[in-house]
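# Below are the sequence and a predicted model; questions follow.
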Amino acid sequence: MKKIQMVDLKSQYEKIKTTVDASIQEVLDTTTYINGPKVHEFQKNLEQYLDVKHVIPCANGTDALQIAMMGLGLQPGDEVITADFTFAATVEVIALLQLTPVLVDVDVVNMNISIDAIKKAITPKTKAIVPVHLFGRAANMEAIMRIAKEHNLYVIEDNAQAIGANCKFSDGTKKKAGTIGHVSSTSFFPSKNLGCYGDGGAIFTNDDALAHTIRGIVNHGMYVRYHHDVVGVNSRLDSIQAAVLDAKLPLLDSYNKARQNAARKYSSAFEGHKNIIAPSICDICDCHVFHQYTLRIIDADRDALMQHLLDKGIPCAIYYPIPLHSQKAYADSRYKEEDFPVTNQLVKEVISLPMHTELDDEQIQFITDSVLEFLK
């Protein structure tokens, strides 16, 4: 059996080596390393894939989220509601901009931001909601947009983990995650479903004026060279990373299907087990693209299971072991433990298994057998 990787980028690259290498070579031949043709080509192709008016590439996903907030003109002290159970970058940029983060609990079933918790957290100072499409599962954007409209709030989608996922609305229509809020951010970190070979990110919006503002922000506030019209940053996707992404973009749907197929095999093996709550996935699932495949382990020793898997050469991880409201950097007297029952439960239960496009049946069988062996 091939060695199991948490993310097997090498095997993925070997299958697309010719295309990727040719795309990179084109950049090397033209020496257009910053804002070259490959960046604009990738931008246009991603706009077409997402059916969104504007894609603004930038240096990484964290920058993308910060720049999205800068573009909206949020002011110090404005409250921004987001999920307690996610990676720190989501709240990090809120704090960096001297906005006031308002962390709320998540839904016990889908682990995305709780709709009821959003409603309870809104105050006269609330200006924005940041839903995170966690682990690749689309958040309930229809309900979130309804709340935002009622209270005149911005919605900034953190789509770092769910590119390609679909959000279905009650009228039967579908839209890609990251194209529904006022603005969205994504990450092209190498392990993402659409990942480059370094750092990269992008902002999406259908708002022409906002897109114009953001295009200035990412480039030192310039629209014309040496004319600085807005306060900006230096955050650009380099041409080599754009070349990699443009080579991989046509494969994104097949990559997501491979992840979904692996998830089905995992969940089938764990079905009905008294100690395992596995992600649900239907035959036509397109709302979850499984950036991570995350189990909940109940009435059993999650940490001992993790060590058991590591001892057998199976990589695994806990996303995330500490709630944001308990992190030293973001602790606040406003937060009460009773406000976060689901998050406090999840951090004790979750474990993520290997998930990538190259998982084969033999590896999945070994992983699931090893989990079940421990939990027998």
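Great, that's in hand. Numbers count the residues shown, from 1 in each chain.
# quick one, strands of the stretch 201-350 of the chain?
Taking DSSP state E, counting those that start in this stretch as the test, the strands found in the stretch 201-350 of the chain are 201-205, 222-224, 227-228, 276-277, 293-297, 350-353.
# okay if I get those strands as TSV plus mean pLDDT?
TSV is the format used below for the strands of the stretch 201-350 of the chain (pLDDT from 0 to 100):
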stretch	mean pLDDT
strand 201-205	98
strand 222-224	94
strand 227-228	94
strand 276-277	98
strand 293-297	98
strand 350-353	98
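# out of these, nearest to Ser267?
Closest approach to Ser267 among these is made by strand 293-297 (8.5 Å; C-beta to C-beta). The way it works is simple: take the backbone N, C-alpha and C, and place the C-beta from them, glycine included.
# Can you add distance to Ser114 and give the strands of the stretch 201-350 of the chain back as JSON lines?
Shown next, in JSON lines, are the strands of the stretch 201-350 of the chain (distance: least, C-beta to C-beta, whole Å):
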{"stretch": "strand 201-205", "distance to Ser114": "24"}
{"stretch": "strand 222-224", "distance to Ser114": "40"}
{"stretch": "strand 227-228", "distance to Ser114": "41"}
{"stretch": "strand 276-277", "distance to Ser114": "17"}
{"stretch": "strand 293-297", "distance to Ser114": "16"}
{"stretch": "strand 350-353", "distance to Ser114": "16"}
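# Pick the most buried one from those.
Highest mean neighbour count of the strands of the stretch 201-350 of the chain: strand 201-205, a mean of 29 (counted as mean count of other C-beta atoms under 10 Å).
# which helices and strands sit right next to that strand?
Judged by 3 or more C-beta pairs under 8 Å, 6 or more residues apart in numbering; DSSP states H and E, strand 201-205 is in contact with helix 37-50, strand 54-58, helix 61-71, strand 183-187, helix 208-217.
# circling back to that earlier point, which stretch among the strands of the stretch 201-350 of the chain comes nearest Lys15?
Nearest to Lys15, of all the strands of the stretch 201-350 of the chain, is strand 293-297, at 21.1 Å by C-beta to C-beta.
# residues in contact with His212?
The contact partners of His212, by C-beta atoms under 8 Å, 6 or more residues apart in numbering, come to Tyr223.
# State the distance from it to Val218.
Going from His212 to Val218 by C-beta to C-beta, to the nearest Å gives 12 Å.
# likewise Asp171?
Applying C-beta to C-beta, the value for Asp171 to Val218 is 35 Å.
# Tell me which of those two has more neighbours.
Using other C-beta atoms under 10 Å as the criterion, Asp171 and Val218 rank with Val218 on top: 26 against 6.
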